[in-house]
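Colleague: Predicted coordinates and the sequence they were generated for:
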Amino acid sequence: DAGVIQSPRHEVTEMGQEVTLRCKPISGHNSLFWYRQTMMRGLELLIYFNNNVPIDDSGMPEDRFSAKMPNASFSTLKIQPSEPRDSAVYFCASTPTAWETQYFGPGTRLLVL
Amino acid sequence: DAKTTQPNSMESNEEEPVHLPCNHSTISGTDYIHWYRQLPSQGPEYVIHGLTSNVNNRMASLAIAEDRKSSTLILHRATLRDAAVYYCILSPSGGSNYKLTFGKGTLLTVNP
């Protein structure tokens, strides 16, 4: 079975550029999460969607970050404009319902120069 | 939210059992105890979870203290592939039960 798919796996960009990260959750999963992992702050929840609707975006660091889930099989996390401090590994996770086991994707390693 | 405390690192030898401790003295009565692990350069992976009773699955066992203030993840025979960061997480009760707050975890090193 295909797990959570993320693309790209690696992204290198320059400060000020727009970055779009993509996630395809496991088919049939109704909840989707975006996390960010850095050495300093560890793994943090950015936003949680349930049935394509954002439920909790309290972890989104600032207005430069936005996330969408236009349908059950696709979500994007956009950073515009990007800054060096956004460099991190971004993970997407999905789960059948919010309280069940979360299945994580392989992550996107973002480097903003 | 209730917090967990884990040792920063532990070391084990291959094919020996490993006991990874976790303290959660402020756990509430309905908080579930979850364990995830993260292998190098991969996303976190579910290991096991429980509420009050000890739990077993193909990956590990979870021993929960009677007062629920601590728990232990048991890997019965460590392999090199078990080298990872292990996270002990409490999921809050109620509407925020989706929130998994990852701490620093325990870095497990397995020696051949």
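Modeller: Structure received.
Colleague: how many other residues sit next to B:T5?
Modeller: 13 (other CB atoms under 10 Å in any protein chain shown). (Each C-beta comes from the backbone N, C-alpha and C, glycine too.)
Colleague: State the distance from it to B:C22.
Modeller: Computed as CB to CB, to the nearest Å, the B:T5 to B:C22 distance reads 7 Å.
Colleague: Could you do A:G107 as well?
Modeller: 24 Å.
Colleague: Looking at strand pairing, list the partners for A:E11.
Modeller: A:L110 (DSSP bridges).
Colleague: A:L43 too?
Modeller: According to DSSP bridges, the residues that bridge with A:L43 are A:Q37.
Colleague: Nearest to chain A: which residue in chain B?
Modeller: Per CB to the nearest CB, the residue of chain B with the smallest distance to chain A is B:G43, at 3.1 Å.
Colleague: Surely A:F104 touches A:T95?
Modeller: No: at 10.0 Å, A:F104 and A:T95 do not qualify as touching, with contact defined as CB atoms under 8 Å.
Colleague: which residues touch the spatially most central residue of chain A?
Modeller: With distances taken as CA atoms, centre = their mean, A:W34 lies nearest the centre of chain A, 3.4 Å away. For A:W34, the contact set (CB atoms under 8 Å, 6 or more residues apart in numbering or on different chains) comprises A:C23, A:L45, A:L46, A:I47, A:A67, A:S75, A:L77, A:Y90, A:F91, A:C92.
Colleague: Equivalent analysis for A:I79, please.
Modeller: Taking CB under 8 Å, 6+ apart, one finds A:E18, A:V19, A:R64, A:F65, A:D86 in contact with A:I79.
Colleague: Buried ones from these, can you make that a PyMOL selection?
Modeller: A single PyMOL command selects the buried members of those (16 or more other CB atoms under 10 Å in any protein chain shown):
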select buried, chain A and resi 19+65+86
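Colleague: Report the beta-bridge partners for the closest residue to A:R36 other than its chain neighbours.
Modeller: Nearest residue to A:R36, sequence neighbours excluded (CB to CB, 6 or more residues apart in numbering or on different chains): A:A88, at 4.8 Å. Under the criterion DSSP bridges, A:A88 forms beta bridges with A:L110.
Colleague: neighbours of residue 104, just the number please.
Modeller: Unless you meant another one, I'm taking chain A. 23.
Colleague: wrong one, chain B
Modeller: There are 14 residues near B:K104, going by other CB under 10 Å.
Colleague: How about it, nearest residue that isn't a chain neighbour?
Modeller: With CB to CB, 6+ apart, the residue lying closest to B:K104 is A:G42, at 6.1 Å.
Colleague: what's A:P8 in contact with, if anything?
Modeller: By CB under 8 Å, 6+ apart, A:P8 lies in contact with A:L21, A:R22, A:T108.
Colleague: Just the buried ones out of those residues, please.
Modeller: Applying 16+ other CB under 10 Å to the contacts of A:P8, the neighbour count classes A:L21, A:R22, A:T108 as buried.
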